[in-house]
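**Student:** okay, predicted coordinates and the sequence, questions at the end:
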Amino acid sequence: MVKRRDSEVHSAAELLESLGRQGFEEVGHEVPDSAPDPKRAGFAVAGGFVQPTARVPHSDPAARDRVDALWHAEADRVRILDSNGEFLLLATYPGSFTRGWLRMRDSIGDHLPSRIATASGSRDFIAVSLDGKSMCAVSAEEYEDWIVTHSFESDEDIQGGN
């Protein structure tokens, strides 16, 4: 039998409770029609041709702080959070792609990736703007964390590349 880590969540309800302790609040259950399909968003993060906007080696002693700062810089640039701190979240737990987007509000405003990692037990997550056009995600790779941005409006990388 595999022992469950205390930080792992196994359902949307557990995740929402844990996110609440980290300063996040679910804002209703309605997700805008403009939201991309969760599997499409997952492919935008993990597809074979994905190029990260930024990389942070796991060996960096300040890795969490660097990921937080880089994610916030990119999220601000592509306007992930609206003026109320709302965004769409796809965090990692069993069934997350089936459950789909959680419409969240961040009441704290900083260290969002670290707080999501603390809540979910995983550094991986996808955040999308409410209009469904922009994505800023963290992907935990073998030796580094990637910050990945994507535009669903043009289906090209926001940086204008691959």
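**Tutor:** Received, thanks.

**Student:** okay, and the helix or strand of the protein with the least pLDDT?
**Tutor:** helix 96-99 (a mean of 71; mean pLDDT, DSSP states H and E).

**Student:** what's the longest helix in this protein?
**Tutor:** helix 63-77 (DSSP state H).

**Student:** buried set for it?
**Tutor:** Neighbour-count burial for helix 63-77 flags 64, 66-72, 74-75 (criterion: 16 or more other CB atoms under 10 Å). No exception for glycine: its C-beta is placed from N, CA and C like everyone else's.

**Student:** what about whichever helix or strand comes after it, average pLDDT?
**Tutor:** For helix 63-77, the succeeding helix or strand toward the C-terminus, using DSSP states H and E, is strand 86-91. The pLDDT scores in strand 86-91 average 95.

**Student:** and Gly48, how many residues sit next to it?
**Tutor:** 5 (other CB atoms under 10 Å).

**Student:** contact partners for Arg123?
**Tutor:** Listed by CB atoms under 8 Å, 6 or more residues apart in numbering, the contact set of Arg123 reads 67, 113, 117, 138, 140, 145.

**Student:** in helices, which of the residues you listed fall?
**Tutor:** Of those, the ones assigned to helices by DSSP H are 67, 113, 117.

**Student:** now render the residues you listed as TSV, adding distance to Ser83.
**Tutor:** Shown next, in TSV, are these (distance: CB to CB, whole Å):
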residue	distance to Ser83
Val67	24
Pro113	21
Ala117	25
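
**Student:** how about the residues you listed in JSON lines, adding distance to Leu130 and pLDDT?
**Tutor:** Shown next, in JSON lines, are the ones in helices among the contacts of Arg123 (distance: CB to CB, whole Å; pLDDT from 0 to 100):
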{"residue": "Val67", "distance to Leu130": "23", "pLDDT": "98"}
{"residue": "Pro113", "distance to Leu130": "19", "pLDDT": "98"}
{"residue": "Ala117", "distance to Leu130": "23", "pLDDT": "95"}
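
**Student:** I'd like the distance between the nearest residue to Pro32 once chain neighbours are set aside and Trp146.
**Tutor:** Excluding the flanking residues, the one nearest Pro32 by CB to CB, 6 or more residues apart in numbering is Leu130, at 5.7 Å. From Leu130 across to Trp146, the span is 24 Å (CB to CB, to the nearest Å).
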